[in-house]
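**Student:** Next input, structure requested:
(chains A and B)
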Amino acid sequence: MLKLTSNKKRLLLFILLGWVLLLVGDRVGELRQYQGSFVATYSLAIASIILLTGYSGQLSLGHSALMAVGAYAGALSINNAHLHPVIALIIATLTAGVFGLILGVAVARLTGPYLAGTTLALAVSLPTLANQFPILGGEQGVVFDVGAPPARFGEGFSQYKWFFWISSLAALIMIWMISNLLNSRYGRTFRAIRDNQISAALAGINAGRVKVIAFAVSSGAAGLAGGLLVMLISGVSPSAFPLSLSFSLLTGAVVTGVYNLKGVMLGGLVLVAIPEIADSLTTRIGGSEGFTATLPGFLVSALLILAVLFAPNGPGHLIKRKKH
Amino acid sequence: MIRNNRMKRYSIVSAVVAAGAMVLSTLPAQAADPGVTATEIKLGVSTPLTGSAGLAYGKVPGAMKAYFDYINANGGVYGRKIKLVVRDDKYLPTLAATQTTNLILKDNVFALVGALGTATHSKAYTAASLAAKNVPDLFVNTGFSGFGNISKYPTAFTVLPSYAMEAKIMSKFIKEKFAGQAVALIAQDDEFGVDGVNGFKAGALALANTTLYPQSSLNDARVKALLTGLSAIPGKPVVVLFGTTDVTALIFKAAESLNLVSKFTWIAGSVGGDANTLLALGVKPTTIDGAVAASFFPDAKDSTDAYVSQFMKINEKYNKGVSFDNIVLQGMNSAMLTVQALRAAGKNLTRTGLIEAIQNKGSKFASAGLVPLNYSATSHVGYNGYWFGQLNAKGELKPYGGTLAIFTTDSAAGAVEASTYTRPALPKNGIPTNS
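**Tutor:** Model prediction:
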């Protein structure tokens, strides 16, 4: 039997996962493909939060703003500069990464509630800033159109399957890169900083630098997720990135387990599934429109409480505990 | 194989869970035109029901439902009952995109009707592939002229006149009725206000002052500073308010406290001139008394109007506890247009047939609007005109100068023309019998 290094195993695993997703994408309807695309996008956004919060110990409430940066960069690349969608998504990632780098330098000294407050302010203010620059299209925003799927895939290849392919592939590649990073020397220094910044500094780790790197990588991933999100809704506008998006993603991260990158897909699934469950519940038991509108929020809160009470480190750890 | 690695097992577990959840409920293959059976036509709407926009416009789906219930109780459309599926998008683009996609792919609706919001619906239209799936997108509640682009939105029909039309017609009205008075414009700085500013330019109205404000950051102090500045203009300047009703209310209240109400001649656009809402927001009846407002509908308080009184009756019976106002009138009117469109498409109902029916016969549909409907193969924009009225202290809008004067135009460079249009009579009991 071939002896594989853990890096190669990880790569194989991601390829296998991609292959499974490819098969799944062929066998489900358009609605599931569309929902699957959202699962992939949210999973990536949650992964970026886990990297930042779980591994490097910096709490961000402003990930919706970082996603917005990537989304606008991607939309402008496609709509104004007429670049290829793949290039646009890469630009989305890089722009958000650079933005995160600058932001990271500015906030590297902040911890705990101060950092949370700063990122919160960013989430509130940044999307509305977009209204001030005509090139960003105001409330109407900028169109993000990746175009029809290539003709060589055939007639039956739907727009939603195309979305599913793009978002799954992008998310897989990015999460694979994040997971490589976390298993490298950087991942160890991230954890060292998170657990005890002073002892890490004594061990020769440059805490400020490591935090900034974590911030930049995390916002790059968030930017890509933002680009994917506005691809799915065909355009970017300030109201696509409300504060509630930041909180939903954080909820997804907590449900997944913030110290644990492995279950991000679960977090994404939860975020997409909850409105669906609420929907089918209300159709089944009936109820007013106000009830339908508030039920998802209630379910998310309930799930969050349950997660914190019973599986603070994510459901993965529950299974582990049972086994031992 | 993979040994020693719990984490990989968990990844696989989560992958399998995800895959399983997706596979569990696959959709059956879709028929050519879903949403129509021998006994039912399923329509859908994604619109804000909650949140701030929901407070203002959340009554639209209820009003449409009430009218459809009334039609269903009177035999439906060629024996088919109309079912309206309502989904809340909270005025958020992401939700509008997913909710509209749900309406098409999950609820399998035949057509959409009465969607509301420009920033939201323009995204939902593309995301839900309405053009590719040929889904009729009826009577969208927006005045954004961009939706009139048939090559981009081939299945969409808007109902409101565009903001650009309104500004052009208003320019002509001001030049005729208030010649010699300086004009100041206060408009929102988004596509709504910008559409308007372009319209004023096209209407060649000389503006002594233009203020564009971001919707979110206008407050009492800023408004007061603005009005104080404008009060330096000699004479009795005309102030045009091209924004939403809450902003109109804010400005009126600031003018009250500065004692400047009688200094200006006030003209409110159709979006921001809803008297009921203004009074509900605490504006004094004496303030709105005499203010000029643009409209394309009859006054919702005017129970002598045949359409309004019929809709009031339906509202009382099928929409219990909801007060009748412009929004309810708008919803019921769109529902009535929908029923006529479905009838015009014939007993053998198809999506293509419905779109063609509106293009060919839509301009003749009976509707409460006092201005013409402009549907044709080359125009998917509904109403194309306005009339001007003066509010009284009760909030009733009476024709300016005593006689109703209707003007029509387009969103581009076309001239503003006086129209002699008289609307079709109300079908008996408000139940269309067209074909």
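
**Student:** Centre-most residue in the chain?
**Tutor:** Looking at chain A here, since you left the chain open. When chain A is reduced to its mean C-alpha position, the nearest residue by CA atoms, centre = their mean turns out to be A:Ala45, at 0.5 Å.

**Student:** that answer is for a different chain, and I need it for chain B
**Tutor:** B:Asn141 (2.7 Å).

**Student:** State the pLDDT value of the residue nearest to the centre of chain A.
**Tutor:** A:Ala45 carries a pLDDT score of 95 in this model.

**Student:** and it, what does it touch?
**Tutor:** Contact partners of A:Ala45, counting by CB atoms under 8 Å, 6 or more residues apart in numbering or on different chains, are A:63, A:67, A:221-222, A:225-226, A:229, A:249, A:252. C-beta coordinates here come from the backbone N, C-alpha and C atoms, glycine included.

**Student:** B:Ser52 too?
**Tutor:** For B:Ser52, the contacting residues are B:Tyr91, taking CB under 8 Å, 6+ apart as the criterion.

**Student:** tell me which element it is part of?
**Tutor:** Counting by DSSP states H and E, the secondary-structure element that holds B:Ser52 is helix B:51-57.

**Student:** Just the CA trace of that helix, in CSV.
**Tutor:** C-alpha atoms of helix B:51-57 as CSV (Å, rounded to 0.1, in the frame of the first residue of the first chain):
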residue,chain,number,x,y,z
GLY,B,51,-39.1,45.2,7.9
SER,B,52,-39.4,48.9,7.1
ALA,B,53,-40.5,48.4,3.5
GLY,B,54,-43.0,45.8,4.7
LEU,B,55,-44.7,48.3,6.9
ALA,B,56,-45.3,50.6,3.9
TYR,B,57,-46.0,48.0,1.2
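
**Student:** Now the helix or strand following that helix: buried residues?
**Tutor:** Next helix or strand after helix B:51-57 toward the C-terminus (DSSP H and E): helix B:59-73. Residues of helix B:59-73 classed as buried under the neighbour-count rule (16 or more other CB atoms under 10 Å in any protein chain shown) are B:59-72.

**Student:** Report all helices and strands that helix B:59-73 contacts.
**Tutor:** Counting by 3 or more CB pairs under 8 Å, 6 or more residues apart in numbering or on different chains; DSSP states H and E, the packing neighbours recorded for helix B:59-73 are strand B:40-47, strand B:81-88, helix B:306-318, helix B:326-344.

**Student:** List the residues that contact the closest residue to chain A within the stretch 201-350 of chain B.
**Tutor:** The nearest approach of the stretch 201-350 of chain B to chain A comes at B:Pro214, 5.5 Å away (CB to the nearest CB). Residues near B:Pro214 by CB under 8 Å, 6+ apart: A:128, A:131-132, B:188-189.

**Student:** with the contacts of A:Ala45 in mind, which one is nearest to chain B?
**Tutor:** Distance to chain B, by CB to the nearest CB, is smallest for A:Leu229 among the contacts of A:Ala45, at 7.0 Å.

**Student:** Quick check: which element contains the closest one?
**Tutor:** helix A:207-232.

**Student:** how distant is that helix from the center of its chain?
**Tutor:** For helix A:207-232, the distance between its averaged C-alpha position and the chain's averaged C-alpha position is 9 Å (CA atoms, centre = their mean, to the nearest Å).

**Student:** for that helix, packing partners?
**Tutor:** Using 3+ CB pairs under 8 Å, 6+ apart as the contact criterion, the neighbours of helix A:207-232 among helices and strands are helix A:30-49, helix A:63-79, helix A:85-107, helix A:159-182, helix A:185-195, helix A:197-202.

**Student:** which other helices and strands contact the third one?
**Tutor:** Going back to what we said before, that points to helix A:85-107. Using 3+ CB pairs under 8 Å, 6+ apart as the contact test, the elements touching helix A:85-107 are helix A:63-79, helix A:112-129, helix A:159-182, helix A:207-232.

**Student:** And the helices and strands packed on helix A:207-232: which comes nearest A:Glu139?
**Tutor:** When those are ranked by distance to A:Glu139, counting by CB to CB, first place goes to helix A:63-79 at 13.7 Å.

**Student:** Can you name the residues of the stretch 51-200 of chain A sitting close to chain B?
**Tutor:** If contact is defined as CB under 8 Å from any CB of the partner chain, the residues of the stretch 51-200 of chain A in contact with chain B are A:128, A:131-132, A:138-141, A:143, A:145, A:159-160.

**Student:** ok, which pair from those is furthest apart?
**Tutor:** A:Gln132 and A:Tyr160, at 34.6 Å, using CB to CB across those.

**Student:** Which one of those two is surrounded by more residues?
**Tutor:** In this view A:Gln132 and A:Tyr160 are compared by other CB atoms under 10 Å in any protein chain shown, and A:Tyr160 has more residues nearby, 26 against 10.

**Student:** for that one, what are its contacts?
**Tutor:** A:30-31, A:33-34, A:37, B:129.

**Student:** Out of those residues, which comes closest to B:Asp89?
**Tutor:** The shortest gap between B:Asp89 and any of the contacts of A:Tyr160 belongs to A:Tyr34, at 15.6 Å (CB to CB).

**Student:** So for that closest one, what's the pLDDT?
**Tutor:** Predicted confidence (pLDDT) for A:Tyr34: 91.
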